[in-house]
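Colleague: when you get a sec, could you give me coordinates for this:
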Amino acid sequence: MMITATTSSRTLRGRIEDGMIVFRAMRYAQCKRLRAPPPAPKRNGERDVVVDGSIAPQRPSRLEPVMGAPESPEQDEDCLTLTITSPGADDMARPVLVWFHGGAWVSGARSWK
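Modeller: Numbering: from 1, shown residues only. Got it, this is the predicted structure:
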C-alpha cells in the first residue's frame with residue numbers, strides 16, 4: 001500500500017511494510033569525489049521512494065564462502081541516501097535512530113537485512 005508525506009521541498013511516495021511506513025533512497029547529499037558533499041538539490045513535485053538506492057562500491061565479501069553471496073544491489077559512488085521508517089506519517093514528534101553500517105567499504109549496506 002502506498003502512502004505520501006509532504007516535506008518542505010516535495011511530496012514523497014513510500015509504502016507500508018509490516019505495519020511501518022518506509023521511505024527508501026531519500027537523497028541527503030550529492031557525491032563529490034575527494035570533496036565534502038554538498039546538500040542534495042531541492043526539487044519540486046512528487047518522488048517515489050520505495051526502492052533501495054545504490055550501495056557504496058565494495059569488493060566481494062570475505063564471508064561469501066561461508067555465508068553465500070548476498071543479493072547484488074547496484075553499486076555506485078553516488079550512494080548518499082537514507083531509509084526512513086516510521087509508525088506514522090504525521091506531525092507527531094518521535095525518537096530517531098540513526099544506523100551507520102560498518103564494513104569499512106568492504107561489505108554491508110543500509111538495505112541488507
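Colleague: list the buried residues in stretch 2-20.
Modeller: By 16 or more other Cβ atoms under 10 Å, the buried positions in stretch 2-20 come out as 3, 5, 12, 14-15. (C-beta placed from N, C-alpha, C; glycine too.)
Colleague: roughly how far is it from the heart of the chain?
Modeller: Averaging C-alpha positions (Cα atoms, centre = their mean, to the nearest Å) puts stretch 2-20 13 Å from its chain's average.
Colleague: now swap in stretch 77-94 and tell me
Modeller: 9 Å.
Colleague: so what touches that stretch?
Modeller: 3-5, 14, 19-31, 33, 37, 40, 52-57, 110-111 (Cβ atoms under 8 Å, 6 or more residues apart in numbering).
Colleague: against residue 61, how distant is the closest residue to residue 6 other than its chain neighbours?
Modeller: Distances taken as Cβ to Cβ, 6 or more residues apart in numbering place residue 12 nearest to residue 6, at 7.8 Å, with adjacent residues excluded. Distance, residue 12 to residue 61, using Cβ to Cβ, to the nearest Å: 32 Å.
Colleague: do the same with residue 13
Modeller: From residue 13 across to residue 61, the span is 33 Å (Cβ to Cβ).
Colleague: picking that back up, which ones among the contacts of stretch 77-94 lie within strands?
Modeller: Judged by DSSP state E, the contacts of stretch 77-94 include 3-5, 14, 20-27 as members of strands.
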